[in-house]
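Engineer: Fold the stuff below for me.
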Amino acid sequence: MRRSGDWMVLVDDRVLEYLREKETGSPTEMMNEGPIRYSSQYIGRRCKKLEEEELVRHLGNGVYAITKDGEAYLEGRLDTEN
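Structural biologist: Residues are numbered from 1 along each chain as shown. Have a look, this model is predicted:
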């Protein structure tokens, strides 16, 4: 079971799941190719927040990748509240 922090929103899980499956992606790719029904601007803001929390890493040019902590969260091994 995933332990989401109070700061997290539903789209955060979708972003992490997308990056786990595709390895890398930009907010525009996530909006166009994935099941994420939000604007690329909103997805980009959430990616920045996920980067602050070290669940994703910014590779440059708006492209993100999931981190080991992001993987651990998806597997239920990381409580993002702490």
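Engineer: where along this structure do the helices fall?
Structural biologist: 10-22, 27-33, 40-52, 68-74 (DSSP state H).
Engineer: Pipe those helices into a markdown table and attach distance to residue 3, mean pLDDT and mean neighbour count per row.
Structural biologist: Placement of C-beta: from N, CA and C, glycine included. Conversion of the helices of the chain to a markdown table gives the following (distance: least, Cβ to Cβ, whole Å; pLDDT from 0 to 100; neighbours: other Cβ atoms under 10 Å):
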| stretch | distance to residue 3 | mean pLDDT | mean neighbour count |
| --- | --- | --- | --- |
| helix 10-22 | 12 | 97 | 18 |
| helix 27-33 | 23 | 95 | 17 |
| helix 40-52 | 15 | 98 | 18 |
| helix 68-74 | 8 | 97 | 18 |
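Engineer: nearest to residue 1, of those?
Structural biologist: Among those, helix 68-74 comes nearest to residue 1, with 11.2 Å by Cβ to Cβ.
Engineer: What are the contacting residues of the closest one?
Structural biologist: 2-3, 13, 16-17, 19-20, 50, 54-56, 78, 80 (Cβ atoms under 8 Å, 6 or more residues apart in numbering).
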